[in-house]
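>>> Whatever this is, show me its structure:
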Amino acid sequence: MRSSVRRAKRKQKHCSIFNSQYVQAPETRPVPDERSTAGLQKQEQTEQRPATTRHPVSQQALSSQPIQTQPPPPQPPTMSDKEPRMNMPTDVVIPYNIDWVFERMRCPSRVWWLASHFVIAAVGIFSKILLMFVNKTRVYNKELLVDLISKRPKGVGLLTVSNHYSCLDDPGLWGMLPLRQACNTSCVRWSMAAHDICFTNKYHSMFFMFGKCIPVVRGYGVYQEAINLCIEKCATGQWVHVFPEGKVNMEKEELRLKWGVGRIIYDSPKMPIILPLWHEGMDDVLPNVEPYVPQWRKKVTINIGQPLDLNDFVQDLKNKQVPEQTARKLITDKIQEVFRILRTETEQLHRERQ
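Residues are numbered from 1 along each chain as shown. Prediction:
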């Protein structure tokens with residue numbers, strides 16, 4: 001009896017000495033759950049600071065997931081991207097709500113395509129008669145544009161850029177194309193049009209929407225819905241036409257080109273074919289003064305330039321991590337340089353015509 005008591009005392013003493021020397025490792029300490037007081041305090045602290053929630057994943061799920069060795073290709077931005085730079089100025093007046101126009105053009109229905117075929121065909125025939133039969137029009141290198149519209153590689157977009165001397169430039173210029181292209185809504189261009197001129201009410205908006213015109217809001221900058229939609233169309237291999245001057249240049253002065261075209265080129269997931277062109281005489285066919293009546297027997301010269309290869313240039317800007325604003329300016333400057341050369345050449349061709 002006494003021996004068992006002494007044995008118990010020695011065991012108790014040994015355990016107290018062991019417990020006083022042993023400290024539990026952090027990873028083996030019991031973690032308080034949400035039911036305990038400490039757990040509730042920890043949960044409150046976690047809710048006060050942002051944290052990433054981790055969900056347990058089974059070994060089978062991990063083994064079934066494919067390993068990505070390369071990041072996915074960039075997608076064209078849309079207005080669903082909630083970025084601070086997408087905030088639009090509030091001092092620009094929009095006379096008519098055009099949000100529904102972008103929704104229809106992004107996801108066109110069969111009715112949309114049917115109405116668009118009718119509008120594009122009617123406008124294409126009118127442009128063909130006015131430009132090629134009623135007036136004296138000469139087009140240089142037209143075959144290049146015709147081939148790029150119908151024979152470019154699948155999935156590669158076409159971006160044409162030109163000067164803007166008359167309100168008739170678009171759609172009037174496309175009267176130079178064969179009717180199979182000028183009247184085909186599947187291959188005809190997408191073009192930006194001023195929201196405060198072409199999209200002022202429901203009926204005007206429907207007409208220009210079916211004519212594949214994208215409402216652009218002057219003063220909203222390069223991060224706006226119109227530029228985003230142009231990038232999306234180029235990314236899906238369609239034809240987009242841009243007037244980089246940003247307005248009808250009635251004085252025919254050398255304007256600094258808008259950087260929206262630079263953003264379309266820089267942000268396109270796949271580089272489109274860039275084709276510059278210059279024209280003279282469209283402001284004689286439709287003068288920029290009242291009563292804005294189309295004229296006839298006027299001399300028009302259209303000069304299609306050579307495709308502008310900016311693939312290496314744009315890739316070099318991205319590799320050097322040049323700021324986007326600077327990159328857009330440098331790309332736009334390249335187009336401005338081509339415009340200067342093409343303008344001089346076209347003006348000479350226009351003067352030499354009888």
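
>>> Please look at residue 343 and residue 278 and confirm they touch.
Yes. Taking C-beta atoms under 8 Å as the definition, residue 343 is a contact partner of residue 278 at 5.4 Å. For the C-beta atoms, the positions are set from N, CA and C on the backbone; glycine is no exception.

>>> Now for the two: what residues contact both?
Taking C-beta atoms under 8 Å, 6 or more residues apart in numbering as the criterion, residue 343 and residue 278 both touch residue 163.

>>> Of the two, which one has the most company?
Shown here are residue 343 and residue 278; by other C-beta atoms under 10 Å, residue 278 has more neighbours (26 against 17).

>>> Now do the same contact list for the more buried one.
Residue 278 sits next to 162, 163, 302, 303, 305, 339, 342, 343, 345, 346 when contact means C-beta under 8 Å, 6+ apart.

>>> if I look at the third one, how far off is residue 341?
Here the distance between residue 302 and residue 341 works out to 16 Å (C-beta to C-beta, to the nearest Å).

>>> for the fifth one, same thing?
Computed as C-beta to C-beta, the residue 305 to residue 341 distance reads 8 Å.

>>> Looking at those two, which one has more neighbours?
Legend: neighbour count by other C-beta under 10 Å for residue 305 and residue 341, higher for residue 305 (23 against 12).

>>> Quick check: closest non-adjacent residue to that one.
In space, and not counting its chain neighbours, residue 305 is closest to residue 276: 4.3 Å by C-beta to C-beta, 6 or more residues apart in numbering.

>>> Over to that neighbour. Which of the three states is it?
Following DSSP: H, G, I helix; E, B strand; the rest coil, residue 276 is assigned to strand.

>>> That one touches residue 337, doesn't it?
No. Residue 276 sits out of contact with residue 337 when judged by C-beta under 8 Å, with a separation of 10.1 Å.

>>> Of these two, which one has the most company?
Neighbour count, other C-beta under 10 Å: between residue 276 and residue 337, residue 276 has more, with 21 against 11.

>>> Tell me who's in contact with the more buried one.
Neighbour list for residue 276: 160, 161, 162, 305, 308, 335, 338, 339, 342 [criterion: C-beta under 8 Å, 6+ apart].

>>> just these now: which is nearest residue 288?
Comparing these against residue 288 with C-beta to C-beta places residue 162 closest, at 16.6 Å.

>>> so the closest one makes contact with residue 279?
Yes. Counting by C-beta under 8 Å, residue 162 touches residue 279, with 6.5 Å between them.

>>> Please enumerate the shared neighbours of the two.
Joint contacts of residue 162 and residue 279 (C-beta under 8 Å, 6+ apart) are 169, 173.

>>> So what touches stretch 194-211?
93-96, 98, 101, 104-105, 112, 115-116, 118-120, 123, 171, 193, 213, 215-218.

>>> Stretch 125-141 too?
Residues contacting stretch 125-141 (C-beta under 8 Å, 6+ apart): 171-176, 179, 182-183, 281, 285, 294-305, 349, 353.

>>> got the contacts of residue 276 as a markdown table, with pLDDT and secondary structure columns?
Output for the contacts of residue 276, formatted as a markdown table (pLDDT from 0 to 100; DSSP: H, G, I helix; E, B strand; the rest coil):
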| residue | pLDDT | secondary structure |
| --- | --- | --- |
| 160 | 98 | strand |
| 161 | 98 | strand |
| 162 | 98 | strand |
| 305 | 98 | coil |
| 308 | 97 | strand |
| 335 | 98 | helix |
| 338 | 98 | helix |
| 339 | 98 | helix |
| 342 | 98 | helix |
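
>>> between the residues you listed, which is nearest residue 187?
Nearest to residue 187 among the contacts of residue 276, with distances taken as C-beta to C-beta, is residue 160, at 12.8 Å.

>>> The closest one and residue 347, how far apart?
20 Å.

>>> Could you report the neighbour count for residue 138?
15.

>>> Please disregard the earlier target; I meant residue 181.
Neighbours of residue 181 using other C-beta under 10 Å come to 19.

>>> And it, what's its pLDDT?
If you check residue 181, the pLDDT there is 97.
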